[in-house]
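> Sequence plus predicted model, see below.
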Amino acid sequence: MALFQTVLGVLLHGLAYAMVLYLISVGLSVTMGLLGIANLAHGIFAMAGGYLTMTLLSAQGWSLPLALAVSFLGIATLGAIMERLLYARLHGASELDQVLFSIGLIFIGTAAFQYVFGPLAIRVSLPAALRGAISFGEFSFPTYRALLIVSGVAVFAALWLSIEHTLIGARVRATVENPTMAKTLGVNTRLLYTGVFALGSGLAALGGSLGAELIPLFPNYASVHLASFLIVVAVGGLGTIKGPFFAAILLGVADTACKLIAPDMAAFFTYAAVFAILTVKPNGLFGIAK
Amino acid sequence: MTALLATQALCKSFGPLVVTDHVDFVLWPGARHALIGPNGAGKTTFVNLLTGNLRPTSGTISLLGEDVTSLSFDSRVRKGLVRTFQINQLLMALSVLENVQLAVLERERVGSRPLPAVAVQRRAAEEALDLLEAFGLAEVALDRVATLPYGRQRLVEVVVAMAMRPKVLLLDEPAAGVPPSDSRKMMELIGSLPGDMAVLIIEHDMDLVFRFAQEITVLAQGAVLCQGNPGQIVDNPLVREVYLGTQSHG
Amino acid sequence: MNSSLKASIIDAHQRRDRLHPYEVLPWLTAALIFFLFPQFLNLGAHVLVTIIFVLSMDLLIGYAGIVTLGHAAFYGAGAYAAGILCVSAGINEPFTGLAVGTIVGGVVGILSGLMILRTRGLALLILSLALLLLLQEAANQASAWTGGADGLSGMSMAPLFGKYRFGLDGKVIYLYSLGVLFVCWLFLRMLLATPFGRSVVGIRENAVRMAAIGANVRRRELAIFTIAAAMAGLAGALAAQIDQFVSLNMLSFELSGMVLVILALGGVSRLYGAFLGTPVFFIAQDYLSKDNPVYWNFWLGLLLVAIVLFARGGVLGILARGFGRMRLQPAASSALSQARS
């Protein structure tokens, strides 16, 4: 029984962490697949969203749903503006230029947040309703983490349904597959790029906000967690909704399990596994060969 | 006489889609052979199979009597099978001269030499310049390829292939995108290829095909529809039906 | 076209590989600093070492066109190799340490290159980053050998040539670093002019074309990757020796990022980008982060974004565009324009 509880605990805690990773990374995966831009600075959107939500919660005393909605919309708008003004210029730029550009954005973002909020991680104040735990007999699980799992799965389901079963989704899929063809078929790819980028940024903001207790918000957030986000995208495969979902679960649960069994070696095993997976399957586990 | 290049029952499918269907094909020394067929007939796939850019699903390819089915693209090149591409594949930031010079160096097997080879490099550059001069490109020798108009780049693409002194040369639509001003030069260039070299050309320009080819293979839906000299092809009712009939060719 | 015109075209073509008078400038500057600014010799030695590291990255990114985020892996591997050799094995002769660092960097390079170079694009970026983080974690865990998070201290180097001690005035480490840099520069200058060096540039421009003229692209890429890794290992070993200290920062993403930034600043695939970008970076960092390191990061970020959007090719790129018209040898260019008219 104790073993069962441990396993269940690892699974659920891993899943909660995985959903945060998913929310943040899915936008990165889709924009990379769609725009072909290696946007290493994607974490900035998650961080900005997290900071915005926490400020609205603690300084303004807003309710969590309202703060999340404003943060989502605010960062999505920011994403749209940045796509139009900056990222649009990177289409067809060399890989090196994309890497340099996004590293530059990371530096700017890091400095800006450090200037405004100071160098330390900010305190996360959860609403009272989320501070408790849900219990099933002897097993209990934090309400907040349960919310993470529910939101992650809900976002995944919504994205998956809209990509697979709506017209806009079909356009996105067509554009990932063959942009020139999609354009000739009358898809407004320019608008689509901006829209998808905005959505991806908004979701990252959601992930950064909801995940703030698991992944603390501090100015170096975007560069420190860059590897995790990129790994989810690469292992999952570019340009899909499903790929990063399962990759995030794999990574989240494995990481949580490793931390329990061999805490010192967790990071080592994770990187070794990623190295092995990508060496064997360079397009990721669920990726389409391009 | 042994065939320079031959395929036996060559097949390629992508999933359920069969794009090359049991093709038997032979190229003899000195051949001037054209591969034609309507769009989607699988011409480019077939060439990619010959060169090793694609792996066949089944069947064999032999080069100079040797089975090369499992050899990579670049090792087939080293054995004398050279191709040009439908869309230029050139070193755009380098000079025209260096594009050709590098080909000469690779042909001479010194491309991997990490030691200074000033004399060798100079000789290679001289050979490259002579070749460029022969086709009226010497005056742009020092220009970056990127600065040339597309038709000119197309000529460079063929000159680079010639610098390899191939035994078998595959020309994938050499005249595509070449403006009339340069197309005569292209014809000249193709016409001047050494007599013992086997040449296979894939081309849509029927003028060029009929002027150049002594032998024509018609591909339709991945399979060989028929083969023969230009006269036989023009008279073949099958060809008229699937190919010439559908195109408004005079 | 007559033969003298041809000869002048060939000369103009070969000219790139010959030494130019201005190439003496970096060495002249280095000598001047040694004699005129003795107070900067310690800092100067670090600049020189960083130039070697940046050069090795330019070889990979600028010349071979292989963009990685993990180049610090080889630098760190070389540094730890030299450090462990000195502290644990007690072998503290400087040149032996350099040789071991170079070999370890090269071996890690060839082994990881075999796997990393099978991929392209994002997968390559992430694999290289994963390799770096993997090594960093390994160094962190193997604290018996590496000192873990505290770093590896207690390196005391034997005198150079058995004679010159690594003193506090920085004279010996400055000249030592300068000598190593000179050898590296000479090697690269030669390598890039060889058929192999040019074919690597060809692969950067168009790998399909190079395969189409019979080059084994994968093998050449592995070769250049290994050379770049070995040189990074050399730089790491040298850095460890002059600092007499190795830390986990030498295996960090931040370091890879910093070197990328320097390269972008000076100019990619220009060899002298490293010579120009590194001192500019160090001076700017010193000047801008005096008040608050936050500003430094901000300006650095802004600069990077601006370089990508407006000034591709960095400082040297801007200079080259200015002087671009002067490239052809006068004789050849006038003869050519005659031939054209």
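Here it is on my side, so go on. Numbering: from 1, shown residues only, chains lettered A, B, ... in the order given.
> and A:S140, helix, strand or coil?
What DSSP: H, G, I helix; E, B strand; the rest coil gives for A:S140 is strand.
> Okay, and the beta partners of it?
A:S140 has these beta-bridge partners by DSSP bridges: A:S135.
> Could you verify my assumption that it touches A:L12?
No - A:S140 is beyond contact range of A:L12, at 10.6 Å (criterion: CB atoms under 8 Å). Yep, even glycine has a C-beta here, placed from its N, CA and C like the rest.
> higher neighbour count, the two?
Taking neighbours as other CB atoms under 10 Å in any protein chain shown, A:S140 and A:L12 compare with A:L12 leading, 19 against 13.
> What's the separation between the closest residue to the more buried one other than its chain neighbours and C:S247?
Leaving aside its chain neighbours, A:L12 sits nearest to A:F141 (5.6 Å; criterion: CB to CB, 6 or more residues apart in numbering or on different chains). Distance, A:F141 to C:S247, using CB to CB, to the nearest Å: 40 Å.
> likewise B:L5?
60 Å.
> Neighbour count: these two, which is higher?
Using other CB under 10 Å as the criterion, B:L5 and C:S247 rank with B:L5 on top: 24 against 21.
> which one is the more buried one nearest to, not counting chain neighbours?
Distance criterion CB to CB, 6+ apart; nearest residue to B:L5, sequence neighbours excluded, is B:L27 at 4.2 Å.
> Quick one: the strands in the stretch 1-150 of chain A, in order.
Listed in chain order, the strands of the stretch 1-150 of chain A (DSSP state E, counting those that start in this stretch) span A:133-136, A:139-142.
> Name the residues that touch the last one?
The contact list for strand A:139-142, computed with CB atoms under 8 Å, 6 or more residues apart in numbering or on different chains, reads A:5, A:8-9, A:12, A:132-135.
> what does the first one give?
Surrounding strand A:133-136, the residues in contact under the criterion CB under 8 Å, 6+ apart are A:140-143, A:146.
> same deal with stretch A:33-42?
For stretch A:33-42, contacts defined as CB under 8 Å, 6+ apart pick out A:24-25, A:27-28, A:31-32, A:87, A:90-91, A:95, A:98-99, A:102-103, A:105-106, A:109, A:172, A:175-176, A:192-193, A:196-197, A:200, A:204, A:222, A:226, A:229-230, A:238-240, C:121-122, C:125.
> Grab the longest helix from the chain for me.
Went with chain A since none was named. helix A:2-35 (DSSP state H).
> hmm, I had chain C in mind actually
When chain C is parsed with DSSP H, its longest helix is helix C:217-243.
> quick one: B:T44 from chain A, how far?
Between B:T44 and chain A the computed distance is 17 Å (CB to the nearest CB, to the nearest Å).
> same for the helix or strand containing that residue, what does it pack against?
Using DSSP states H and E, B:T44 sits within helix B:43-51. Judged by 3 or more CB pairs under 8 Å, 6 or more residues apart in numbering or on different chains; DSSP states H and E, the packing partners of helix B:43-51 are strand B:5-14, strand B:17-27, strand B:32-36, helix B:73-78, strand B:81-83, strand B:168-172, strand B:198-202.
> which one of these lies closest to B:D235?
Across these, B:D235 has its closest neighbour in strand B:32-36 (14.9 Å, CB to CB).
> tilt between that closest one and strand B:17-27?
170 degrees (axes from the mean of the first three to the mean of the last three CA atoms, to 10 degrees).
> Check what contacts strand B:32-36 and list those residues.
Residues outside strand B:32-36 that contact it (CB under 8 Å, 6+ apart): B:27, B:43, B:46-47, B:198-204, B:206, B:209, B:212-219, B:243.
> May I see the PyMOL selection of the buried members of the residues you listed?
Buried members of those, defined by 16 or more other CB atoms under 10 Å in any protein chain shown, are picked up in PyMOL with:
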select buried, chain B and resi 27+43+46+47+198+199+200+201+202+203+204+206+209+212+213+215+216+217+218+219+243
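> is any part of the longest helix of chain C close to chain B?
Yes - Helix C:217-243 reaches chain B (CB under 8 Å from any CB of the partner chain) through C:217, C:219-220, C:223.
> Are any of those residues buried, and if so which?
Neighbour-count burial (16+ other CB under 10 Å) is assigned, among these, to C:217, C:220, C:223.
> between those, which is nearest B:V120?
Nearest to B:V120, judged by CB to CB, of those is C:R220 at 17.5 Å.
> How about the contacts made by that closest one?
Neighbouring residues of C:R220 by CB under 8 Å, 6+ apart: B:112, C:196, C:199-200, C:203, C:210.
> I'd like those as JSON lines, with neighbour count appended.
Listed next are the contacts of C:R220 as JSON lines, based on neighbours: other CB atoms under 10 Å in any protein chain shown:
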{"residue": "B:S112", "neighbour count": "17"}
{"residue": "C:F196", "neighbour count": "22"}
{"residue": "C:S199", "neighbour count": "24"}
{"residue": "C:V200", "neighbour count": "30"}
{"residue": "C:I203", "neighbour count": "24"}
{"residue": "C:M210", "neighbour count": "26"}
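> Among those residues, name the ones in helices.
C:196, C:199-200, C:203, C:210.
> Would you format those as TSV with pLDDT and distance to chain B included?
As requested, those are arranged in TSV below (pLDDT from 0 to 100; distance: CB to the nearest CB, whole Å):
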residue	pLDDT	distance to chain B
C:F196	96	4
C:S199	95	5
C:V200	95	10
C:I203	95	9
C:M210	96	8
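> Which stretches in the stretch 151-300 of chain C count as strands?
Here the stretch 151-300 of chain C has no strands by DSSP E, counting those that start in this stretch.
> pLDDT score assigned to the residue in it that chain A sits nearest to?
Of all residues in the stretch 151-300 of chain C, C:F298 sits closest to chain A, at 3.6 Å by CB to the nearest CB. We have a pLDDT of 88 for C:F298.
> Provide a list of residues in contact with it.
C:F298 makes contact with A:107-108, A:111-112, A:115 under the criterion CB under 8 Å, 6+ apart.
> try 6 Å
A:108, A:111 (CB atoms under 6 Å, 6 or more residues apart in numbering or on different chains).
> any idea how far it lies from C:A311?
Counting by CB to CB, the gap from C:F298 to C:A311 is 18 Å.
> can you check C:L251 too?
Applying CB to CB, the value for C:L251 to C:A311 is 31 Å.
> More neighbours: which of these two?
Per other CB under 10 Å, whichever of C:L251 and C:A311 has more neighbours is C:L251, with 29 against 16.
> The more buried one contacts C:L134, doesn't it?
No - using CB atoms under 6 Å, C:L251 makes no contact with C:L134, being 9.5 Å away.
> circling back: give me the neighbour count for the residue nearest to A:L12.
When neighbours are defined as other CB under 10 Å, A:F141 has 17 of them.
> how near is it to A:A266?
Remark: distance between A:F141 and A:A266 (CB to CB) = 21 Å.
> got it, and A:I163?
Applying CB to CB to A:I163 and A:A266 gives a distance of 33 Å.
> do the same with A:R145
Using CB to CB, A:R145 is found at 19 Å from A:A266.
> what about these two, which has more around it?
Under the neighbour definition other CB under 10 Å, A:R145 and A:A266 were set side by side, and A:R145 has more, 21 against 18.
> tell me the pLDDT at A:I108?
On pLDDT, A:I108 comes in at 92.
> show me what contacts it?
Contacts here follow CB under 6 Å, 6+ apart; on that basis A:I108 touches C:298, C:301.
> Let's see that with 7 Å instead.
Counting by CB atoms under 7 Å, 6 or more residues apart in numbering or on different chains, A:I108 touches C:298, C:301-302.
> Which ones among these lie within helices?
Short answer: the contacts of A:I108 in helices (DSSP H) are C:298, C:301-302.
> can I get these in JSON lines with distance to C:W27?
Output for the ones in helices among the contacts of A:I108, formatted as JSON lines (distance: CB to CB, whole Å):
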{"residue": "C:F298", "distance to C:W27": "35"}
{"residue": "C:G301", "distance to C:W27": "33"}
{"residue": "C:L302", "distance to C:W27": "33"}
